[in-house]
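Peer 1: let's see this in three dimensions:
(4 chains)
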Protein chains: 2
Amino acid sequence: MNSETNGYSLEDQIGFLLRRAHQRHRVIFSRVVEQRIAPQQFAVLAKLGSIGPTSQNLLGRLLAMDAATVQGVVERLKAQGLVQRRRDPADARFRIVELTDTGTGLLEELLPLAGEITVETLAPLGADDADTLLDLLRRISSDPQ
Amino acid sequence: MNSETNGYSLEDQIGFLLRRAHQRHRVIFSRVVEQRIAPQQFAVLAKLGSIGPTSQNLLGRLLAMDAATVQGVVERLKAQGLVQRRRDPADARFRIVELTDTGTGLLEELLPLAGEITVETLAPLGADDADTLLDLLRRISSDPQ
DNA sequence: ATAGAATCGTTTGTATACGAACAATCTTCC
DNA sequence: GGAAGATTGTTCGTATACAAACGATTCTAT
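Peer 2: Numbers count the residues shown, from 1 in each chain, chains lettered A, B, ... in the order given. Next up is the predicted model:
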């Protein structure tokens, strides 16, 4: 089996291209925020900043993160003192996650940089193509049937 | 700070959309191959199938994987008996990775399914839009400056 | 020939991701 | 009011991903 005997080209598969694009994004993210925070950790801070204190599970759903994954992300944020957790008095199952003052401070510092990350990642494209790409990605970002 | 006081929308950021699209792809991949192999493990098998025995590092470069990452992927493939490793007699630094018969067999079984994964992932789009998406992704998949 | 640079691969530490099993809690519904 | 079922969050196991430090080996320039 070799390249002559099959027509499969890894480099043309959507999975490979998504992975590459994501890699590029991570590098840019990391550089722009100067390694001060990891991407998903920032996503949690941003979401908390826009909707306020929330249960961990809802947070996960809003950010498209697995319950086990949010757990880890929130845990790491807590270890850095950026968020805190408390039980919901009305329902002891819930754990309300909220920004600390430190977390709010960092978020306010980083928010202005966030748009820059998308712009830089899309830099090889013109404005129209960039919009098209975002639109097409939105259309395939729904859950599979 | 809340949604009224800042114009940042996480859901419109390229990183979030790439992540979501990648998630969708993983789910489809996993279902189509019936959990018989992980995505990057399949990528290694496919690459070995098309170019033959290769050093681990070159394999990584061709697949856009970090040296440490390929190491792990190859290790797991080896544990399953799908590839084997030997030293390059000409240069003792290199470790040549090659498919075993079992690995070749599995690859031949799965290759026909591979195209299906891309097709299903792109299913929400028409043929033209799908081509456009692949093209746009290719253009932002290069390494950042 | 040899010191210094470069390359290859490994290991360690950190950060996602997700399936599966589980305890605690809450809701439903008889 | 109590059993059955649903929901929330945790833990465990596995699979990427990548930075950084490292040992072994090879190359390069003198």
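Peer 1: all strands of chain A, in order?
Peer 2: Per DSSP state E, chain A carries strands over the ranges A:54-55, A:83-88, A:91-99.
Peer 1: with distance to chain B and mean neighbour count added, can I get those strands in TSV?
Peer 2: Using the backbone N, CA and C atoms, a C-beta is placed for each residue, glycine as well. Below are the strands of chain A laid out as TSV (distance: least, CB to the nearest CB, whole Å; neighbours: other CB atoms under 10 Å in any protein chain shown):
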stretch	distance to chain B	mean neighbour count
strand A:54-55	12	18
strand A:83-88	14	15
strand A:91-99	8	15
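Peer 1: tabulate those strands (JSON lines), appending mean pLDDT.
Peer 2: Shown next, in JSON lines, are the strands of chain A (pLDDT from 0 to 100):
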{"stretch": "strand A:54-55", "mean pLDDT": "98"}
{"stretch": "strand A:83-88", "mean pLDDT": "97"}
{"stretch": "strand A:91-99", "mean pLDDT": "97"}
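Peer 1: and these as TSV, adding distance to DNA strand D?
Peer 2: Compiled in TSV, the strands of chain A are given as follows (distance: least, CB to the nearest atom of the strand, whole Å):
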stretch	distance to DNA strand D
strand A:54-55	4
strand A:83-88	7
strand A:91-99	4
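Peer 1: who wins for proximity to A:Glu108 among the ones you listed?
Peer 2: Among those, strand A:91-99 comes nearest to A:Glu108, with 10.2 Å by CB to CB.
Peer 1: do any residues in that closest one lie close to DNA strand C?
Peer 2: Yes: residues of strand A:91-99 are located near DNA strand C by CB under 7 Å from any atom of the strand, namely A:91-93.
Peer 1: ok, back up a step: JSON lines for the strands of chain A, including distance to B:Gln41?
Peer 2: Shown next, in JSON lines, are these (distance: least, CB to CB, whole Å):
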{"stretch": "strand A:54-55", "distance to B:Gln41": "36"}
{"stretch": "strand A:83-88", "distance to B:Gln41": "35"}
{"stretch": "strand A:91-99", "distance to B:Gln41": "35"}
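Peer 1: closest one to A:Pro144 among the ones you listed?
Peer 2: Of all the strands of chain A, strand A:54-55 comes closest under CB to CB, at 26.2 Å.
Peer 1: go ahead and flag the most central residue of chain A.
Peer 2: For chain A, A:Gln40 is the residue whose C-alpha lies nearest the centre (CA atoms, centre = their mean; 4.3 Å).
Peer 1: residues in contact with that one?
Peer 2: Applying CB atoms under 8 Å, 6 or more residues apart in numbering or on different chains to A:Gln40 gives the contacts A:63, A:65, A:69, A:73.
Peer 1: contacting chain B as well, which ones from these?
Peer 2: Among the contacts of A:Gln40, the residues within reach of chain B (CB under 8 Å from any CB of the partner chain) are A:Leu63.
Peer 1: before we move on, back to that, so how far is B:Asp129 from the residue nearest to the centre of chain A?
Peer 2: Distance, A:Gln40 to B:Asp129, using CB to CB, to the nearest Å: 29 Å.
Peer 1: with only the CA atoms kept, save the longest helix anywhere in chain A in CSV.
Peer 2: Ranked by number of residues, the top helix in chain A under DSSP state H is helix A:101-121. The C-alpha coordinates for helix A:101-121 follow below in CSV (Å, rounded to 0.1, in the frame of the first residue of the first chain):
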residue,chain,number,x,y,z
ASP,A,101,-12.0,40.3,42.4
THR,A,102,-8.7,39.0,41.1
GLY,A,103,-10.6,37.1,38.4
THR,A,104,-12.6,40.2,37.5
GLY,A,105,-9.4,42.2,37.3
LEU,A,106,-7.6,39.7,35.0
LEU,A,107,-10.7,39.5,32.8
GLU,A,108,-10.9,43.2,32.4
GLU,A,109,-7.2,43.3,31.5
LEU,A,110,-7.5,40.5,28.9
LEU,A,111,-10.9,41.3,27.3
PRO,A,112,-9.4,44.0,25.0
LEU,A,113,-6.9,41.5,23.7
ALA,A,114,-9.5,38.8,22.9
GLY,A,115,-10.7,40.3,19.7
GLU,A,116,-7.1,40.7,18.5
ILE,A,117,-6.7,37.0,18.7
THR,A,118,-9.5,36.3,16.3
VAL,A,119,-8.2,39.0,14.0
GLU,A,120,-4.7,37.7,14.0
THR,A,121,-5.8,34.1,13.5
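Peer 1: right, I'll call it a day here.
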